[in-house]
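Just to be clear, the model below is a prediction. Sequence and coordinates:
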Amino acid sequence: MGTFVTVGNGTQPFQRLFDALAGIIAQLPQPIVIQAGHNTVDLPGCIVFDFVGQEQFEQLIDDHELIISHAGVGSILTALERGRKPVVIPRRCGVYAEIINDHQITLVTELADLGLVSPILATDRLPEAILDAVRAKSHLSGLSSPLDHSQPFYLDQFNVALNKLSTQQPGFRKLCLVSACGGHLTELRKLMPVYHKHSFFYVINNPIVQPSDMQGKTYTITLCERDWRAGINFWEAFRILSREKPDCIVSTGAWPAIPFAIVGRILGIPNIYIETMARVTLPSLTGRFMYYLANKFFYPWRQLAHFFPKGEYCGLLL
C-alpha cells in the first residue's frame, strides 16, 4: 500500500528526515507520497506536495501501509484515529533548529510507552532506525488499549463544563472556538461530539483548506509569532466577539487563545481552555497564561497537576 511521510505545517525545516529518507527510498513500501510542508524536497520517484486539506490527509493515511511522521499532535492524532500506528520522528531544537524546544521527545516517549506509536529517537543513525522499524513491522502491530475509556471521560468533562455555564447563563447557545492551526486545531475539532449541539464558529490564525463544517463560519486572524502583530490580534478579537456575541470561548491554544480570553473577560464572556496534549511534563507558555485567564482549565497529563492545582485533569482525547 506504500508509504506516506508527513511533516505537518511547522515553519522550521525538517531536512534531517528527508536526508535520511534519500538513502533508503528503495527499501520502503512503494509508492511513496510526501507532505513536505515548508521544506523543499527532491526525492526521485516520490510524489511530493506541500499541504493538503484534512479530508485528503485522512484519505492518504487510509491509503498507505506505512506512516512516517514528525511528532506533531495533529498528525499523530489523525493517524491513531484512522487506526494506524505511525513511525514517529520528533523534531529537535538546539543545533538542529527544527522546533523551539524538545517537547516532542517527551510526547513520543510517553505515547510509545502506551504502545500508540513506533518511536525513532536516534539522530546519528536515523536511516537505519527507520529501516529497523519497517523490518520489525512495528507499525503493523495492534494498538494497545490503555486509553479505551479516555475519550468518553475527556468529552464528559468538557460537556459538564459547558452545561454548568449554560445553567448560569439563560439563553446559552453560541460558542467561539479559537485555535492556532495544525495540532491545536485537530485537538479542538475532536471536541465536536459535544460542541456540535450548539451554534458555533471558528477562529484560526492561518488560511487552510477548510472541511465542510468550517466553511462559512470561520474567521482567519493575523498570524502572530508573539510579536508586534499581537496588537492586531487584540483588535480582531474585540471586533469578532462584539459582532458574534458568543456565550463562551473554547480554546486549545496556542497564542490566539490569549487575546480572545482577555477581550472576552472585558466583554463578560467566560472561557474554557484545554492545555495541548503535546506538553507532557512542562506546560506551554500559553497554558501558563491561560491558567489565570480561563474560567475552566483542563490539562491532559497527570504530570502537569502540580503546575495547575486548580485545574482539572481530563485525560487524552484518543
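Yes, it's here.

Which strands or helices does the top helix by length along the chain pack on?
Counting by DSSP state H, the longest helix found in the chain is helix 150-168. On a contact count with 3 or more C-beta pairs under 8 Å, 6 or more residues apart in numbering; DSSP states H and E, helix 150-168 meets helix 192-195, strand 271-274, strand 296-299. No exception for glycine: its C-beta is placed from N, CA and C like everyone else's.

just those: most buried one?
Mean neighbours per residue, mean count of other C-beta atoms under 10 Å, is largest over these for strand 271-274, with a mean of 25.

Can you spell out which helices and strands pack onto that strand?
Using 3+ C-beta pairs under 8 Å, 6+ apart, strand 271-274 sits against helix 150-168, strand 248-251, helix 257-267, helix 285-293, strand 296-299.

mind giving me the domain ranges of this protein?
3-140, 150-313 (automatic domain parsing).

will you turn those domains into TSV that also has mean pLDDT?
TSV is the format used below for the domains of the chain (pLDDT from 0 to 100):
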stretch	mean pLDDT
domain 3-140	92
domain 150-313	92
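
can you give me the helices in the chain?
Going by DSSP H, the chain shows helices at 15-22, 54-63, 73-81, 103-113, 126-135, 150-168, 183-189, 192-195, 230-244, 257-267, 285-293.

which of those helices sits most buried?
Most buried among the helices of the chain, given mean count of other C-beta under 10 Å as the contact rule, is helix 183-189, at a mean of 24.

Show me how far that one is from its chain's centre.
5 Å (C-alpha atoms, centre = their mean, to the nearest Å).

Send me it as PDB with only the CA atoms.
Written as PDB, here are the backbone C-alpha positions of helix 183-189 (Å, rounded to 0.1, in the frame of the first residue of the first chain):
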ATOM      1  CA  GLY A 183      -2.300  20.100  16.000                       C
ATOM      2  CA  HIS A 184      -4.100  22.600  18.200                       C
ATOM      3  CA  LEU A 185      -7.000  22.700  15.700                       C
ATOM      4  CA  THR A 186      -7.000  18.900  15.400                       C
ATOM      5  CA  GLU A 187      -7.400  18.700  19.200                       C
ATOM      6  CA  LEU A 188     -10.200  21.300  19.200                       C
ATOM      7  CA  ARG A 189     -12.100  19.600  16.500                       C
END
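
With Val250 as the reference, measure out to the residue in the chain sticking out farthest from the centre.
Here the centre of the chain is the reference, and by C-alpha atoms, centre = their mean the most remote residue is Pro170, at 32.9 Å. According to C-beta to C-beta, to the nearest Å, Pro170 stands 20 Å off from Val250.

Now Ile262. Nearest residue, chain neighbours left out?
Leu293 (6.6 Å; C-beta to C-beta, 6 or more residues apart in numbering).

could you measure that neighbour against Arg229, distance?
Relative to Arg229, and taking C-beta to C-beta, Leu293 is found at 20 Å.

Leaving out chain neighbours, which residue sits closest to Leu177?
Leu177's closest residue in space is Tyr202 (C-beta to C-beta, 6+ apart), at 4.9 Å.

quick one: that neighbour and Leu175 touch, right?
No - look at Tyr202 against Leu175 with C-beta atoms under 8 Å: they stay out of range, at 9.6 Å.

Please identify which of those two sits among more neighbours.
More neighbours surround Leu175 than the other of Tyr202 and Leu175, with 25 against 19 (other C-beta atoms under 10 Å).

Which of the helices and strands packed on strand 271-274 sits closest to Arg279?
helix 285-293 (6.7 Å; C-beta to C-beta).

contacting residues around the closest one?
Defining contact as C-beta atoms under 8 Å, 6 or more residues apart in numbering, one finds that helix 285-293 is touched by 251, 253-255, 257-258, 261-262, 265, 271, 273, 275-276, 279, 283, 297, 299, 307-308, 310-311.

For Gly8, which of the helices of the chain is the nearest?
That would be helix 73-81 among the helices of the chain, by C-beta to C-beta, at 5.4 Å.

Show me what that closest one is packed against.
For helix 73-81, the packing partners by 3+ C-beta pairs under 8 Å, 6+ apart are helix 54-63, strand 66-70, helix 183-189.

Now with 10 Å, please.
strand 3-6, helix 54-63, strand 66-70, strand 87-89, helix 103-113, helix 183-189 (3 or more C-beta pairs under 10 Å, 6 or more residues apart in numbering; DSSP states H and E).

quick one, what contacts the closest residue to Val33 other than its chain neighbours?
Distance criterion C-beta to C-beta, 6+ apart; nearest residue to Val33, sequence neighbours excluded, is Ile47 at 4.7 Å. Applying C-beta atoms under 10 Å, 6 or more residues apart in numbering to Ile47 gives the contacts 2, 4, 31-35.
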